[in-house]
Structures are given as C-alpha cells and as structure tokens.
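Visitor: What follows is a predicted protein model with its sequence.
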Amino acid sequence: MEAGSGSLLLVPVGAHETADDDIVNEPLITMRFLPPTESISVDGEASTPGRSANSLPHDRNVTVGGWVDVPTAIDVLLVEDDPADAFMVEEALGGWHVATKLHVASDGEQAAAFLRRLDPYTDAPRPAFVLLDLNMPRKNGFEFLDDIKRDEHLSVIPVVVFTSSSDPEHVLRSYASHANAYVVKPTDFADYERTVRSIEHFYTQVSVRPPAPEDRAGNGGNGA
C-alpha cells in the first residue's frame, strides 16, 4: 500500500491478531485503507497482517470507527545508473519508518525531464530532495547540477551528491555548482543504509523544505 492519498477507517482491534506482530505487547488499532474514489464500507476484515503502514500505536484519543489522515509519502528522486546502488537505496528507504516513494532516473537527462515534468513524466511529483550520482551516461552529475541550479523553478530543490568518488576536485566542483551536500557512498551495507536514512531524515524531518512554485504563487509570494 502506498501511503499517499486517501483516508483510513479504524476498525476494532479484535479484527487483528496481535500474534502476527513483531512487537506483541504494543496494542494496535487496525485500519483498512480506502482510496478517495471508493465508497465507504466496513467488512470487518483486517487490512494487512503484521506490522505495516496500516498499523498505528494505540492512541486513546482516536475513536474506533472514526477517520484519520494518512501522511503523504515523501517523494525522493535518485539519479543513478548502477542497478545495484539503486537497489541498496531502495532497500534502505523501504525499511525506514518514514513512508517514502523512490523514483529512479538512470542519467541526468532523464532526471531533468522528470523534474520539468516533460513527457513521459508529465505527472511526476516534485521530490523532497535529489540523490545524485556523478558518473553517468548522456548527462553526468555535474551537467545535471549546472542545468538544474540555473533553473529558477528547480534550483531550490535540495540536491545531495551521493557518489563513490572522494576526489577533492569533484567535491569542489559539486559545491561550486551549488550542490547542497556531498556524501561519499560507504562500502559496508549497514553504513550505506544508515547514511541514506540520515540524509532522508535531515531533508524531510529536520530541515524545512522550500515551497513548490505553485504554493508560492497561491500565497502571493508573501513571507511571514
């Protein structure tokens, strides 16, 4: 289940077997996901077994039979031509407690089209941040940075260079092209996973994300 759109209808705890959970001593309220286009109905069935995005810690302020908002999944764009690296990033974010939807572009040209919502990416979401490899075909990471950071509509999207290169020239050139951070890929998978999650945590939970152009336009461009 994607954690993006829709609402969740709470059903009685008894519809869910806590024995299926990995933490059996934590009471749960089980929820059934209903997309906005579906009619509301309760069939008494639990949504998914085990721990999942459909399970929340018990909250005595939440009423069974009531509706709760579903947090929107955070979109992340990974620009990476190595399937093994793309898989490791997906694994790191897939097991994270923050609902994340990973989009993968195999080169800078494809990534730029995604951000500009060009065909076939006309419905592409605006990512919270971009993870960027440097060595790629067609348009490499440096060329992508130069392109995006000169675009007034896209320049504010955080771009984190995530590469195996620790060459000081690459570091300098990336920051000179206005990369927001430069991170060298760890070789150990556990460190790799922690690093990816740390980046995701900072750009989605710690720092304040810039508003999208349409949000600024709707706000009249007024600040606080």
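Guide: Noted; the coordinates are in hand.
Visitor: can you tell me how far the spatially closest residue to Asp119 that is not a sequence neighbour sits from Tyr192?
Guide: Spatially, and ignoring its direct neighbours in sequence, Asp119 is nearest to Ala113 (7.8 Å; CB to CB, 6 or more residues apart in numbering). The C-beta positions use only the backbone N, C-alpha and C, and glycine is treated the same way. Note on Ala113: its distance to Tyr192, by CB to CB, to the nearest Å, is 28 Å.
Visitor: mind showing which ranges of this structure have poor pLDDT?
Guide: 1-72, 213-224 (pLDDT under 70).
Visitor: the helices in it, which residues?
Guide: Read by DSSP state H, the chain holds these helices, from start to end of the chain: 83-94, 108-115, 141-148, 168-176, 189-201, 213-218.
Visitor: looking at it, the residue nearest to Asp119 is touching Tyr121, isn't it?
Guide: Yes. Between Ala113 and Tyr121 a contact is recorded at 5.7 Å, counting by CB atoms under 8 Å.
Visitor: per-domain residue ranges of the chain.
Guide: 7-69, 74-208 (automatic domain parsing).
Visitor: Could you tell me which residues within stretch 131-148 count as buried?
Guide: 131-134, 136, 139-145, 147-148 (16 or more other CB atoms under 10 Å).
Visitor: out of the residues you listed, which one sits closest to Thr204?
Guide: Leu131 (12.5 Å; CB to CB).
Visitor: Quick check: bridge partners of the closest one?
Guide: Counting by DSSP bridges, Leu131 forms beta bridges with Leu78, Val160.
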